[in-house]
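Chemist: what's the 3D shape of this:
(chains A, B, C and D)
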Number of protein chains: 2
Amino acid sequence: MTTVAGLRERKKQKTKAAIQRAALRLFKRQGYEETTIEQIAAAAEISESTFFNYFREKEDVVIYDEYDPQIFETLAHGPHDEPLRKSIEKLLDTLASVFEADHDAIYERAKLSLEVPELRAHAWEELEKARDLISSIIASRTGRDASELDVRVVSMAFVGAAFEASIEWVKAGGKGNIVDHLRMAIEAIGFYSMVERLQSV
Amino acid sequence: MTTVAGLRERKKQKTKAAIQRAALRLFKRQGYEETTIEQIAAAAEISESTFFNYFREKEDVVIYDEYDPQIFETLAHGPHDEPLRKSIEKLLDTLASVFEADHDAIYERAKLSLEVPELRAHAWEELEKARDLISSIIASRTGRDASELDVRVVSMAFVGAAFEASIEWVKAGGKGNIVDHLRMAIEAIGFYSMVERLQSV
DNA sequence: CTAGATTTTTAGAGTTACTCTATTTATACT
DNA sequence: AGTATAAATAGAGTAACTCTAAAAATCTAG
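Modeler: As a prediction, the model looks like this:
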């Protein structure tokens, strides 16, 4: 059935990546709002229709992250009985290596996401997905339900911390280690004791 | 100069409120995305151009909240030397009375803001304003700077808690007291001890 | 290798939110 | 009452999307 990864499938991935590259280049040169889909399509040598085959909307071309599945995997399918602190450390390591491997593109996308109001609003949506993921992890660690208010609130605090950390990183021009900011943010909210408190209820 | 509040000004407020009312009625009946500006304008008996005089974009008609200034006032200009817990309690009281006074309209708007993806993303933007406000309050109470990472992270946690609390409230169909949810959320993150920790640095 | 099935790309027409400019109408001030 | 100012409107234009139908590329079986 599937030939290792489907030749067709791989080609599609390449096209998608090419569109994103072309778009980001244009955004960097002339700004997000000033760049039209028409221009992106021309630069990527595809039709406008094809653009919308790959990305549901203009914003998606910035949001789309090929590494997301990898990070998701690390978080969702780690052993659920290891201490939370350890799982988080693993996550931070994964993040660090991803950021290192593709620093420039990630920075450009992060910068856009934070600076273009429209995109910033959208970025929040992504955070809600992250919150749900964290919630399910905390839930499985504490024997609570992921849908309970206090579990969600704690996850939200974590995700908010991550958001602020990335703002800090972008502010610093992508220099320095985002993971350090993240660690500091997690400290500031006392994340681990929040989770412990959940456990005892 | 200004005749008590400017007849012109009051008329504008009325028009704005009328447009919002017409829009919300249509949104409730046929959904947000299914309602066009043309329809709203017709229902409010104004031209499309006028709609855009009052609201920069369609989303604003849901986001716009006449009570915001009041809440802002309570938060920003309270005495900066009273204990934080007391300021927060004051805020919760203000919120409670606002919610009671205009329950239905507020509920409808909250429901829309959380259910329409486009609006939900926008709602986040509002939360960032709230975060900044909280940051400046915490800053003035702790002698820290509102722009520091840990101060922002703590404020973000608070705002995230408020967001989750309002989700809970909407989920419950607007029944029950949102302020109770909020209190519980603030407890869950250990907000007050977070702020104390900021103080001691 | 060829024919048919399937998937991908494309063209093009239509909708809607929003912008801009210019004109008309309503309100306030002397 | 007449003039300055502000608000409402018409109308033309742009760009992001949606939908439909057809063309082109790719895969699969015989």
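Chemist: name the element residue A:57 belongs to?
Modeler: Assessed by DSSP states H and E, residue A:57 sits outside every helix and strand.
Chemist: That one - how many residues pack around it?
Modeler: Counted by other C-beta atoms under 10 Å in any protein chain shown, the residues lying close to residue A:57 total 11. From N, CA and C alone the C-beta is placed, and that goes for glycine too.
Chemist: Next: the one 5 residues further on.
Modeler: Residue A:62 has 24 neighbours, counted by other C-beta under 10 Å.
Chemist: what helix or strand does the nearest residue in space to it that is not next to it in sequence sit in?
Modeler: Spatial nearest neighbour of residue A:62, chain neighbours left out: residue A:112 (5.2 Å); criterion: C-beta to C-beta, 6 or more residues apart in numbering or on different chains. Following DSSP H and E, the helix or strand that holds residue A:112 is helix A:103-115.
Chemist: got the contact list for that helix?
Modeler: Identification of contacts with helix A:103-115 by C-beta atoms under 8 Å, 6 or more residues apart in numbering or on different chains yields A:24, A:27-28, A:32, A:62-63, A:65, A:98-99, A:119-120, A:122-123, A:166-167, A:169-170, A:174.
Chemist: wait, residue A:72 sits on residue A:133?
Modeler: Yes - using C-beta atoms under 8 Å, residue A:72 is in contact with residue A:133, at 6.9 Å.
Chemist: between the two, who's got more neighbours?
Modeler: Comparing residue A:72 with residue A:133 by neighbour count (other C-beta under 10 Å), the higher total belongs to residue A:133, at 17 against 13.
Chemist: and residue A:127, how far is that from residue B:70?
Modeler: 29 Å (C-beta to C-beta, to the nearest Å).
Chemist: repeat for residue A:37
Modeler: 42 Å.
Chemist: Please work out which residues outside the helix or strand hosting residue A:13 touch it.
Modeler: Per DSSP H and E: residue A:13 is located in helix A:7-30. Outside helix A:7-30, the residues that touch it by C-beta under 8 Å, 6+ apart are A:2, A:35, A:39-40, A:43-44, A:46, A:50-51, A:54-55, A:61-62, A:64, A:66, A:105, A:108-109, A:112.
Chemist: distance between the least confident helix or strand in chain A by mean pLDDT and the chain's centre?
Modeler: Least confident helix or strand of chain A, by mean pLDDT, DSSP states H and E, is helix A:68-76 with a mean of 81. Chain-centre distance of helix A:68-76: 10 Å, with C-alpha atoms, centre = their mean, to the nearest Å.
Chemist: For the nearest residue to residue A:51 once chain neighbours are set aside, list the residues it contacts.
Modeler: Distances taken as C-beta to C-beta, 6+ apart put residue A:41 closest to residue A:51, at 5.1 Å, once the chain neighbours are dropped. Each residue near residue A:41 by C-beta under 8 Å, 6+ apart is listed here: A:47, A:48, A:50, A:51.
Chemist: What count of nearby residues applies to the closest residue to DNA strand D within chain A?
Modeler: The nearest approach of chain A to DNA strand D comes at residue A:58, 3.1 Å away (C-beta to the nearest atom of the strand). Counted by other C-beta under 10 Å, the residues lying close to residue A:58 total 19.
Chemist: got the contact list for the spatially closest residue to it that is not a sequence neighbour?
Modeler: By the measure of C-beta to C-beta, 6+ apart, the closest residue to residue A:58 outside its immediate chain neighbours is residue A:37, 6.3 Å from it. Contacts for residue A:37 (C-beta under 8 Å, 6+ apart) come out as A:48, A:51, A:52, A:58.
Chemist: try residue A:193
Modeler: Here residue A:193 is in contact with residue B:190 (C-beta under 8 Å, 6+ apart).
Chemist: what comes into contact with stretch A:45-52?
Modeler: Taking C-beta under 8 Å, 6+ apart as the rule, stretch A:45-52 contacts A:15, A:19, A:37, A:38, A:40, A:41, A:44.
Chemist: now, the most widely separated pair of these?
Modeler: Farthest-apart pair in those is A:15 and A:38; separation 17.7 Å (C-beta to C-beta).
Chemist: more neighbours, these two?
Modeler: residue A:15 (16 against 11).
Chemist: residues from chain A in reach of DNA strand C?
Modeler: Residues of chain A lying near DNA strand C by C-beta under 7 Å from any atom of the strand: A:8, A:12, A:15, A:45, A:46, A:47, A:48, A:49, A:50, A:53, A:54.
Chemist: how much space between the fifth one and residue A:12?
Modeler: If I follow you right, that is residue A:46. In terms of C-beta to C-beta, residue A:46 sits 12 Å off from residue A:12.
Chemist: what about these two, which has more around it?
Modeler: residue A:46 (17 against 13).
Chemist: Let me know the pLDDT of the more buried one.
Modeler: Residue A:46 is assigned 98 on the pLDDT scale.
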